[in-house]
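Enquirer: below: sequence and its predicted model.
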Amino acid sequence: MSEHLTVVNHPLVQHKLTLMREKDTSTAGFRRLLREISLLLAYEVTRGLDLTTKHIETPICAMDAPILDGKKLALISILRAGNGLLDGILELIPAARVGFIGLYRDPATLKPVQYYYKVPAELEERIVIVVDPMLATGNSSVAAIDLLKKSGARNIRFLCLLAAPEGIKRMTEAHPDVPIVTAAVDSHLNAHGYIVPGLGDAGDRMFGTK
């Protein structure tokens, strides 16, 4: 485990990931598992958040108790598949601000093309968590983080379900200050830019499209 990369090897995460990989898992099952696993991954990506104290009254006595410090987190979904991770994370952090970056991969060049960008204000004062189930070539993720940095974001973390070595290398070179949290690092990318063994197209499996 490096400072840049964290693989969450919790037994529940690994169990749910295996069920998601199976090609016969239904759309409903895949969606439910993604929601569950994203909540578990959110515990890891939010580790080390700054705390302050708040003076409260318990039913027994007064105390200074820990509470999150600073502005609300910003969750940024790389459309469309990133939205599947949002649900679970928002269960854990319901007050988070949410933004969306629309990127699609040109099938010929595998390069990202932007079509939508809407993010919360004051990113420079927020911890920003970028979510996308797959870190494959890394091109879309790098492009998204480029945009967020132009908008002022300084404290960025990237959360994905699966990563390929090629994507990790691309991200590490382009944004060495952005830690990656993932459930697994798979073998490689195939000629079409898909992660092997992977789980197919996360967006198609989540939304039931082909």
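Expert: Right, received. Where do you want to start?
Enquirer: which helix or strand contains Gly167?
Expert: helix 165-174 (DSSP states H and E).
Enquirer: where in this structure is pLDDT low?
Expert: Applying pLDDT under 70 to the chain flags residues 1-3, 110, 210.
Enquirer: ranges for the helices of the protein?
Expert: All helices of the chain, identified by DSSP state H, fall at 11-21, 27-45, 82-92, 139-150, 165-174, 202-207.
Enquirer: the fourth one - contacts with which helices or strands?
Expert: Read it as helix 139-150. Contacts defined by 3 or more CB pairs under 8 Å, 6 or more residues apart in numbering; DSSP states H and E place helix 139-150 against strand 74-79, strand 97-105, strand 112-118, strand 127-131, strand 155-159, helix 165-174. For every residue, glycine as well, the C-beta is placed using N, CA and C.
Enquirer: would you turn the ones you listed into a markdown table with distance to Arg205 and mean neighbour count?
Expert: Converted to a markdown table, those look like this (distance: least, CB to CB, whole Å; neighbours: other CB atoms under 10 Å):
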| stretch | distance to Arg205 | mean neighbour count |
| --- | --- | --- |
| strand 74-79 | 16 | 24 |
| strand 97-105 | 16 | 18 |
| strand 112-118 | 21 | 13 |
| strand 127-131 | 16 | 25 |
| strand 155-159 | 18 | 23 |
| helix 165-174 | 19 | 17 |
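Enquirer: among these, which comes closest to Phe30?
Expert: For the helices and strands packed on helix 139-150, distance to Phe30 was read as CB to CB. The smallest value, 16.3 Å, belongs to strand 127-131.
Enquirer: just to revisit the earlier point, tabulate the CA atom coordinates of the helix holding Gly167 in CSV.
Expert: Taking Å, rounded to 0.1, in the frame of the first residue of the first chain, the C-alpha atoms of helix 165-174 are listed here in CSV:
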residue,chain,number,x,y,z
PRO,A,165,-2.3,-0.5,-13.5
GLU,A,166,-2.3,1.7,-16.6
GLY,A,167,-4.9,4.0,-15.0
ILE,A,168,-3.0,4.2,-11.7
LYS,A,169,0.2,5.1,-13.5
ARG,A,170,-1.5,7.8,-15.6
MET,A,171,-3.2,9.3,-12.5
THR,A,172,0.0,9.1,-10.4
GLU,A,173,2.0,10.9,-13.1
ALA,A,174,-0.6,13.6,-13.8
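Enquirer: what residues does that helix touch?
Expert: Under the criterion CB atoms under 8 Å, 6 or more residues apart in numbering, residues 4-5, 135-139, 141-142, 145-146, 158, 178, 180, 185, 187-189 lie in contact with helix 165-174.
Enquirer: ok, of these, which come out buried?
Expert: With burial judged by 16 or more other CB atoms under 10 Å, the buried subset of the contacts of helix 165-174 is 5, 135-139, 141-142, 145, 158, 178, 180, 185, 189.
Enquirer: nearest to Leu17 among the residues you listed?
Expert: In terms of CB to CB, no member of the buried ones among the contacts of helix 165-174 lies closer to Leu17 than Val185, at 11.8 Å.
Enquirer: does the closest one touch Val7 like I think?
Expert: Yes - with contacts counted by CB atoms under 8 Å, Val185 reaches Val7, the gap being 6.0 Å.
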